[in-house]
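# got a sequence here, can you model it:
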Amino acid sequence: MRSLFAKLLVWFVVSILVTIAATVLTSALTYDADSSRQAPFSMLLSLEVREARHAWESGGAEELRGALDRLREVTHASQTMLLDAAGVDLLTGESHAGMLPYAEGLIHSPFPFRSHIFARKSIDDRYCLVLVRENWFFWFLQAAHLLVLGLPAQ
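Have a look, this model is predicted:
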């Protein structure tokens, strides 16, 4: 490896990989599932469960449809639904009981790689909000994140 460009490229790639590995390791080691502080997406799900419940109980199917449409618009989800305790969709009457396990407990990992289905139960376990997002893996990345990676190369 006599080329200065090749040496710089190798060191750049190695430093990026070390930075990513250190970030992942630090996140995994400092993550506290019992913390009173929730992640932003987790707070959004908690809020939306309450909004969907309120819409259903105060305005019926029409209000619930509006609340779920707003949630779908904000999160770019392919599906949103409010289920009862038995897993039945309150709008369509279809059973989605297989999605209830996704709401069992909070996500106890800083990296929820288990699925593209996110679910949250209401405090009294009477309802379950389900959000299905097909392109879930990079939903949190923004153009600014790529800019941060590109700045050291300048």
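# going forward, measure contacts between C-alpha atoms and count neighbours the same way
OK.
# ranges for the helices of the chain?
Remark: helices assigned in the chain by DSSP state H are 4-30, 40-75, 143-150.
# so what secondary structure elements neighbour the second one?
Right, the one you point to is helix 40-75. Here helix 40-75 touches strand 79-84, strand 117-121, strand 127-132, going by 3 or more C-alpha pairs under 8 Å, 6 or more residues apart in numbering; DSSP states H and E.
# report the buried residues of that helix.
42, 45-46, 48-53, 55-56, 63-65, 67-68, 71-72 (16 or more other C-alpha atoms under 10 Å).
# between the helices of the chain, which one is closest to Leu131.
Leu131 lies closest, by C-alpha to C-alpha, to one member of the helices of the chain: helix 40-75, at 8.0 Å.
# give me the mean pLDDT for that closest one.
The average pLDDT within helix 40-75 is 90.
# got the angle for that helix vs strand 127-132?
On the basis of axes from the mean of the first three to the mean of the last three C-alpha atoms, to 10 degrees, helix 40-75 is oriented at 70 degrees to strand 127-132.
# gap between the residue nearest the centre of the chain and Val74?
Closest residue to the average C-alpha location of the chain: Phe41 at 5.5 Å, with C-alpha atoms, centre = their mean. Note on Phe41: its distance to Val74, by C-alpha to C-alpha, to the nearest Å, is 12 Å.
# ok, now Leu82?
For Leu82, the distance to Val74 - C-alpha to C-alpha - is 16 Å.
# also Ser27?
Computed as C-alpha to C-alpha, the Ser27 to Val74 distance reads 26 Å.
# which non-adjacent residue is nearest Asp69?
Nearest residue to Asp69 in three dimensions, chain neighbours excluded: Thr80, at 7.8 Å (C-alpha to C-alpha, 6 or more residues apart in numbering).
# same deal with Gly87?
Leaving aside its chain neighbours, Gly87 sits nearest to Ala97 (4.0 Å; criterion: C-alpha to C-alpha, 6+ apart).
# and Glu94, by the same measure?
Closest residue to Glu94 apart from its sequence neighbours, by C-alpha to C-alpha, 6+ apart: Val88 at 5.5 Å.
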